[in-house]
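Participant: Okay, predicted coordinates and the sequence, questions at the end:
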Amino acid sequence: MKEIKRSSTIVTEIITAFIFLIFLFPIFIVILNAGKDPFSITSNPLSLPKDWFQVFRNMKIIWLDPNLRYGSSFFASIIVTVFSLLLIVLVSGQAAWVLVRTKTKLSQFIFFLFVAAMVIPFQIVMLPLVSWFRIVAKATGFQLLRTYSGMILSYVGFGLSLSLFMFHGFIKGIPYELEEAATIDGCAKWQIFYRIIFPLLKPITATVLVLNGIWIWNDYLLPLLILGKGNKIQTVPLAVANYAGAYVKQWDLILTAVLLAMIPVIILFLFLQRYIIKGMVSGSIK
Amino acid sequence: MNKGKHDPIFWLFLAPAIIAFLMVIIIPFLMGIFYSLTDWTSRPQPGGLQFVGLKNFIESIQDPSFLYSFLLTFVYTFINMLLINIVAFGLALLVTAKLKFKNIYRAGFFLPNLVGGLILGYIWQFIFNIVIPNLPVLSTIYPAIAEPANLMLANRNSAVMAIVIAGSWQYSGYIMMIYIAAILSVPEELFEAAKIDGASPFKKLLHITIPMTAQAFTITLFLTLVQSFKQFDVNVSLTGGGPSTQFMGKFMRGTELLALDIYNTAFTSNSLAQSQARSVLFFVVLVVISLIQVRQNKRKEIEL
């Protein structure tokens, strides 16, 4: 009986390992073919590259290509992602806190509006957003299209609802006595949030960062509309799309571009695996 | 601190959120609804916008390519939901068994979820267009596979399946994680009792695991439904809407899902108002789906 059980576990292990390999096959294919010349890609896509260092040379070609400026798009993606995340956390965290701690009809209504807005699909907002930003620029001279500030403002706006909702749920569970004690000790109200509450929000902040970070890093349509094509500032997905459009059939270079876009996320995942999985899953269930 | 008052800090802390929310969501949203009722185009309109009532909506509904995209999106959503959930549940069952490397498997299945839809579409385009027709073994046994007309992305039906495969590859590891949480929360005693009664693994699955994880299915079905319905990135980079097909006697893009149809109506046909009307219809469908979901959840909570 025990024998049968052990052998069935081994069978499950083998089956799972096999599925695992098939599942990651697309990633292997990218790594295998990014450093091959077009001819050996089509003659046998499964063969090992003759020269493993070709990948790095391809990376260099893409990175330095003056028309595509892949290197600067990396830089732009990092700026956009980091600043958007920073602002999303601060703006939605402090808003959630005052909304939880002020128990009035108005504060409930404001919270309801933020949450209800989650149903609004991007498609209905995308064209008017561009035309609204143009109106703002005309009226005030403040450029939001094709700039970092417009891009970051947009991410804060689109990321707010879910983040605020998650902070709100978490702050509700923090005992109010903590803040009362601080008030008695002479702590000003705004200090209470940044000194006492905010450090307690670490677990939910991690979730908010992960959920928004992955979305912002990979997002394509919003940068396409706000930053536009051929702009000095472009994010990685825009650069990859440009590349694939301009170098049709040059699969070795396209795959290298794809690989470059995936590497940061994969490295981050290897280090922060547990937080990322936990963050993304708990975020969705709420 | 007084609980019931809107002191300056209340407004000060709320202000950045409200400003961003108004600037990015509320004002464009209201403008969007207004634009859908006008003759807004991308050409200069010196006379200003003209109010045209429901004309854009009527024209959208009468446009075969919009109808086609709507139907296609429903078909795609249905197949995609089915495939993602079957794969995800199967994977969850495997990695909750007593395996040596289960944490590595879980991470691996989850990984595609971190790859953006656009990037992922290019990877799968490469697989369907280059890898499959040039596989050494396959192309000797079945040489016709390398012919351009037989490529997966060259025919409408198989191209839709290609989007389903790429979409499922991306999303099933994510849904798997939700199923894992549900399966792990089933009390161990139930399985032990079943073991004493001599139940087969299949019976255990049917009578314990599935009923005990039913709650998770509401969440996963809703998530996959919305995710599939909004599919855009993979659609753009994998098929770009092609190949063309015939519907109601007209030629149109065979794999153009709703989100891409809305995009193309604006940027290829330059009918901004028309595109806006379509997105309003898209929004209405999503609201209906969400309301059904909320009601379902409320009912479940009462039952519990």
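Facilitator: Thanks, I have it.

Participant: and the next element down the chain from the strand or helix carrying A:Val98?
Facilitator: Per DSSP states H and E, A:Val98 falls inside helix A:70-101. With elements assigned by DSSP H and E, the helix or strand that comes after helix A:70-101 is helix A:105-116.

Participant: helices or strands up against that following helix?
Facilitator: Here helix A:105-116 is seen to pack against helix A:70-101, helix A:148-172, helix B:8-21 when contacts are counted using 3 or more C-beta pairs under 8 Å, 6 or more residues apart in numbering or on different chains; DSSP states H and E. The C-beta positions use only the backbone N, C-alpha and C, and glycine is treated the same way.

Participant: among the ones you listed, which is nearest B:Ser185?
Facilitator: The stretch from the helices and strands packed on helix A:105-116 with the least distance to B:Ser185 (C-beta to C-beta) is helix A:148-172; that distance is 19.7 Å.

Participant: tilt between the helix or strand that that closest one is followed by and helix A:70-101?
Facilitator: Secondary structure here is assigned by DSSP H and E; on that basis, the next helix or strand after helix A:148-172 toward the C-terminus is helix A:177-184. Interaxial angle, helix A:177-184 versus helix A:70-101 (axes from the mean of the first three to the mean of the last three C-alpha atoms, to 10 degrees): 80 degrees.

Participant: immediately after helix A:177-184, which helix or strand?
Facilitator: Taking DSSP H and E as the definition, the helix or strand that follows helix A:177-184 towards the C-terminus is helix A:189-191.

Participant: okay, and for chain B, where does confidence drop off?
Facilitator: Low-confidence regions of chain B, defined here as pLDDT under 70, cover residues B:1-4, B:300-304.

Participant: spatially speaking, which residue is in the middle of it?
Facilitator: When chain B is reduced to its mean C-alpha position, the closest residue under C-alpha atoms, centre = their mean turns out to be B:Ser228, at 1.9 Å.

Participant: do the same with chain A
Facilitator: Relative to the mean C-alpha position of chain A, the nearest C-alpha, by C-alpha atoms, centre = their mean, is the one of A:Ile214, at 2.2 Å.

Participant: Ramachandran angles for B:His6?
Facilitator: Phi and psi for B:His6, reported as degrees, to the nearest 10, are phi -90, psi 80.

Participant: what residues are up against it?
Facilitator: A:Thr102, A:Thr104, A:Leu106, A:Ser107 (C-beta atoms under 8 Å, 6 or more residues apart in numbering or on different chains).

Participant: so where do the helices sit in the stretch 201-304 of chain B?
Facilitator: Chain-ordered helices for the stretch 201-304 of chain B, with DSSP state H, counting those that start in this stretch as the definition, fall at B:201-204, B:210-212, B:214-229, B:233-238, B:258-267, B:272-303.

Participant: give me the number of residues near the closest residue to chain A within the stretch 51-200 of chain B?
Facilitator: Per C-beta to the nearest C-beta, B:Gly116 is where the stretch 51-200 of chain B lies closest to chain A, at 2.8 Å. Using other C-beta atoms under 10 Å in any protein chain shown, B:Gly116 has 24 neighbouring residues.

Participant: my guess is it meets A:Asp219, correct?
Facilitator: Yes: at 7.3 Å, B:Gly116 and A:Asp219 qualify as touching, with contact defined as C-beta atoms under 8 Å.

Participant: Mind listing the shared neighbours of these two?
Facilitator: Counting by C-beta under 8 Å, 6+ apart, the contacts common to B:Gly116 and A:Asp219 are A:Pro237.

Participant: where are the low-confidence patches of the stretch 151-286 of chain A?
Facilitator: Scanning the stretch 151-286 of chain A with the threshold set as pLDDT under 70 gives A:280, A:282-286.

Participant: which stretches of the stretch 1-150 of chain A aren't confidently modelled?
Facilitator: Of all residues in the stretch 1-150 of chain A, those with pLDDT under 70 make up the ranges A:1-5.

Participant: Whichever strand or helix holds A:Ile29 packs against which elements?
Facilitator: According to DSSP H and E, A:Ile29 maps onto helix A:2-34. In this structure, helix A:2-34 makes packing contacts with helix A:54-64, helix A:251-285, helix B:64-95, helix B:102-110, helix B:117-126, helix B:156-184, judged by 3+ C-beta pairs under 8 Å, 6+ apart.

Participant: can you give me how far the third one is from the chain middle?
Facilitator: Relative to its parent chain, helix B:64-95 has a centroid offset of 8 Å by C-alpha atoms, centre = their mean, to the nearest Å.

Participant: Measure how it sits relative to helix B:272-303, angle-wise.
Facilitator: Going by the same axes, to 10 degrees, helix B:64-95 makes 40 degrees with helix B:272-303.

Participant: Against which helices or strands is helix B:64-95 packed?
Facilitator: Under the contact definition 3+ C-beta pairs under 8 Å, 6+ apart, helix B:64-95 sits against helix A:2-34, helix B:102-110, helix B:156-184, helix B:214-229, strand B:244-247, strand B:250-253, helix B:258-267.

Participant: and among those, the most buried is which?
Facilitator: When you average the neighbours per residue for each of those (mean count of other C-beta atoms under 10 Å in any protein chain shown), helix B:258-267 leads with a mean of 24.

Participant: is chain A contacted by that one?
Facilitator: Yes: looking at helix B:258-267 against chain A by C-beta under 8 Å from any C-beta of the partner chain, the contacts come from B:Ala259, B:Ile262, B:Tyr263, B:Ala266.
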